[in-house]
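Peer 1: one predicted model, sequence on top.
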Amino acid sequence: MTTTDAVVIGSGPNGLVAANLLADAGWSVVVLEEQDTPGGAVRSDDAVAPGFVHDTFSSFYPLAAGSPTIRGLQLEEHGLEWVQAPSVLGHSFADGRWGVLHRDRSVTAAALDEQAPGDGAAWLALCDTWDRVGDDLLRCLLTPFPPVRGGAGFGLRVARPGGLELVRQMLMPARSLTERLFRGDAARLLVAGNAAHGDIGLEAPGSAAMGLLLALLGQTVGFPVPRGGAGELTAALVRRLRSRGGELCVGERAEGIRVHDGRAVAVRTASRELTGRRAVLADVSAPALYGGLVSWDELPTRLRRRMARFEWDPSTVKVDWALDGPVPWEGAPERSPGTVHIADSLDGLSLSGGQVAAGLVPEHPFLLVGQMGVADPTRVPPGHEALWAYAHVPQRVRGDAGAQRSGPGEIRGTWDASDLEEMAERMERRIEGRAPGFRNRITARRVLGPRELEARDGNLVGGALNGGTAGLHQQLVFRPVAGSGRPETPVKALYLASASAHPGGGVHGACGANAARAALWHHKIHLPWRNR
């Protein structure tokens, strides 16, 4: 038997952030990770082709760069180095035009104004409002709900010119907001494309929040990547934890949490039991915790009823390519963007998202594309490119909007080799249409469907990236179920530290930080330090 102050289940960014904060407070911490490599959805490898570093899951980290929690860990002192592409984000149109989010807001505004006079001024007005209230808004979004400390600061500033209007805009449907603010497709798609990173339809209230948040973070902190691969962010978190005495155990799966008198007291693996004197923090999905690691016998009946209504976000198909040259984009921007969005129009973006919501595999999927050699040349041989793209697909496929009337080509939703081949073909056609000759530069390819993503990270159930839908009905006090919104669980000393908890998905560390701070607070109140 192993005894420690806290056991953290899962070594994704939330689990590692939580472990670091507990270690900072003087607690002994053991982190359990079922995979052989730590990091959850923040990992990288060279499995696609020798000499090419591809990020297995996530790649660009504006939320990490903007997160007070991540910044406060000072990971640069533990080997992390952020690097940026020449420009932040580009939206490629079928006619060769581009909308580009530059690092310099004045350059962004000037380019938008060339395409639609007036859009530049509207863009700068958004940026000015973010300058006034953005930091406090981030604190509100990333702290437990209700956000007392961040909320107080935000309340003082929101009354300033534009502050209340920004809050109203974030609660709007992304489509309504972009059509109201901008005249041109370039500005509209820069915001709406970022909104499409989530799973709220562009016509649904609240969908503008993600679009504005990512666009304005992109304009202030950029879309940085860790030099050498996403795994370097994880490596820095691990080094920091070990420097403070924390322990990481990989290849060791948590099989259950022992509860005694309504309190979590230990975590069981195949080979041992780890006693958590003070707390157990679970960086696992809510369905994996409730009724999984913790038996329903130890949980309230009402929680079981509410968890039956828990909703996942859409599935994902991700393709990685090794290229023997840069992507031959038509009309390529002078300053190459690290991130590229591909959607034909605002209507096309709405249609793709609507098809996914209806259970249909999109005929012309919205693509989020990452040019990792552009963002970080150390990841590829000189003159080459490590490219990836992903598309959302339904958790439960009811049909294929892109199927041929007869013959091969229909995606059935089994996500076997045939389905993945057809989806990858569909995605390659989309890129080839924007970059003629792209396919001729492919030297290697890897396709990760819903099954492969979940096998590499158990939290990505069915290929869901965000720990559950970001719809308003499952956010704030409704995350993961109604009446929640905080990391505490019905079991004493057990805390939900994953993206299934508020504030949800994204590499910001807030879910882990909120859980760690709750554990520290409860221990201080109920179990004084002197009783250790």
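Peer 2: All right, it came through fine.
Peer 1: where along the stretch 51-200 of the chain do the helices fall?
Peer 2: 62-66, 68-72, 105-115, 119-142, 148-158, 163-170, 174-181, 185-195 (DSSP state H, counting those that start in this stretch).
Peer 1: now swap in the stretch 251-400 of the chain and tell me
Peer 2: Ranges of helices in the stretch 251-400 of the chain, per DSSP H, counting those that start in this stretch, are 286-289, 301-307, 346-357, 372-375.
Peer 1: now the stretch 401-532 of the chain
Peer 2: 417-434, 450-456, 510-526.
Peer 1: quick check: the nearest residue to L166 once chain neighbours are set aside vs I200, distance?
Peer 2: Spatial nearest neighbour of L166, excluding adjacent residues (CB to CB, 6 or more residues apart in numbering): T129 at 4.9 Å. C-beta: built from backbone N, CA, C; applies to glycine. Note on T129: its distance to I200, by CB to CB, to the nearest Å, is 22 Å.
Peer 1: and for G90?
Peer 2: Separation of G90 from I200 (CB to CB): 23 Å.
Peer 1: walk me through the domains of the chain.
Peer 2: Domain segmentation of the chain under automatic domain parsing yields 2-34+251-310+466-531, 120-184+192-219.
Peer 1: re the thing from before, just the helices of the stretch 51-200 of the chain: most buried one?
Peer 2: Sort these by mean neighbour count, taking mean count of other CB atoms under 10 Å, and helix 185-195 sits at the top with a mean of 27.
Peer 1: in stretch 309-323, what counts as buried?
Peer 2: By 16 or more other CB atoms under 10 Å, the buried positions in stretch 309-323 come out as 310, 312-323.
Peer 1: could you dump the residues you listed to CSV with distance to T234 and pLDDT?
Peer 2: Shown next, in CSV, are the buried residues of stretch 309-323 (distance: CB to CB, whole Å; pLDDT from 0 to 100):
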residue, distance to T234, pLDDT
F310, 27, 96
W312, 24, 97
D313, 23, 96
P314, 25, 97
S315, 24, 97
T316, 20, 98
V317, 24, 98
K318, 18, 98
V319, 23, 98
D320, 18, 98
W321, 23, 98
A322, 22, 98
L323, 26, 98
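Peer 1: can you flag the weakest of the helices of the stretch 51-200 of the chain by average pLDDT?
Peer 2: Sorting these by mean pLDDT places helix 148-158 lowest, at a mean of 55.
Peer 1: which residue, other than its chain neighbours, is closest to D24?
Peer 2: R244 (6.5 Å).
Peer 1: burial count for the one you found?
Peer 2: Around R244 sit 16 other residues, with neighbours defined as other CB atoms under 10 Å.
Peer 1: shouldn't it be in contact with A23?
Peer 2: Yes. Between R244 and A23 there is a contact under CB atoms under 8 Å: 3.9 Å.
Peer 1: can you pull out the strands in the stretch 301-450 of the chain?
Peer 2: For the stretch 301-450 of the chain, the strands defined by DSSP state E, counting those that start in this stretch occupy 315-323, 337-342, 360-361, 367-371, 385-393, 399-400, 442-448.
Peer 1: which of those sits closest to L75?
Peer 2: The closest of these to L75 is strand 337-342. By CB to CB, the value is 20.0 Å.
Peer 1: now for V294: which residues touch it?
Peer 2: Neighbour list for V294: 256-257, 259, 264, 489, 491, 494 [criterion: CB atoms under 8 Å, 6 or more residues apart in numbering].
Peer 1: for those, which two are the farthest from each other?
Peer 2: Greatest spacing in these, by CB to CB: G256 and T489 (14.9 Å).
Peer 1: ok, those two, which is more surrounded?
Peer 2: The neighbour comparison of G256 against T489 (other CB under 10 Å) goes to T489, with 23 against 14.
Peer 1: sorry, back to before: among the contacts of V294, who's most crowded?
Peer 2: L494 (27 neighbours).
Peer 1: pull the number of nearby residues for G437.
Peer 2: G437 has 11 neighbours, counted by other CB under 10 Å.
Peer 1: just the pLDDT at it, thanks.
Peer 2: Confidence at G437, expressed as pLDDT, is 98.
Peer 1: how about L360?
Peer 2: 97.
Peer 1: repeat that for V491.
Peer 2: 97.
Peer 1: G201 and A358 touch, don't they?
Peer 2: No. Using CB under 8 Å, G201 makes no contact with A358, being 10.3 Å away.
Peer 1: these two: who's more crowded?
Peer 2: Remark: of G201 and A358, G201 carries more neighbours, 20 against 11, as counted by other CB under 10 Å.
Peer 1: which SS class is that one?
Peer 2: Judged by DSSP: H, G, I helix; E, B strand; the rest coil, the three-state class of G201 is coil.
Peer 1: with adjacent residues omitted, what lies nearest to it?
Peer 2: G201 sits nearest to G353 (CB to CB, 6+ apart), 5.3 Å away.
Peer 1: how much space between the one you found and R180?
Peer 2: 19 Å.
Peer 1: repeat for D135
Peer 2: Going from D135 to R180 by CB to CB gives 25 Å.
Peer 1: contacts only, for G504.
Peer 2: By CB under 8 Å, 6+ apart, the contact list for G504 reads 466-468, 470, 475, 479, 511.
Peer 1: any chance of these in JSON lines, with pLDDT, distance to I342 and neighbour count too?
Peer 2: Listed next are the contacts of G504 as JSON lines, based on pLDDT from 0 to 100; distance: CB to CB, whole Å; neighbours: other CB atoms under 10 Å:
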{"residue": "N466", "pLDDT": "94", "distance to I342": "21", "neighbour count": "20"}
{"residue": "G467", "pLDDT": "95", "distance to I342": "26", "neighbour count": "31"}
{"residue": "G468", "pLDDT": "95", "distance to I342": "26", "neighbour count": "26"}
{"residue": "A470", "pLDDT": "90", "distance to I342": "22", "neighbour count": "23"}
{"residue": "Q475", "pLDDT": "88", "distance to I342": "28", "neighbour count": "19"}
{"residue": "R479", "pLDDT": "92", "distance to I342": "30", "neighbour count": "27"}
{"residue": "C511", "pLDDT": "96", "distance to I342": "30", "neighbour count": "33"}
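Peer 1: closest to E114 among those?
Peer 2: The nearest member of those to E114, counting by CB to CB, is A470 at 33.7 Å.
Peer 1: shouldn't the closest one be in contact with P503?
Peer 2: No. Contact between A470 and P503 fails when scored by CB under 8 Å: they sit 9.4 Å apart.
Peer 1: and F223, what are its phi and psi?
Peer 2: In terms of degrees, to the nearest 10, the main-chain angles of F223 are phi -120, psi 80.
Peer 1: retrieve the pLDDT associated with the nearest residue to it once chain neighbours are set aside.
Peer 2: Spatial nearest neighbour of F223, excluding adjacent residues (CB to CB, 6+ apart): F60 at 4.1 Å. The model reports F60 with a pLDDT of 97.
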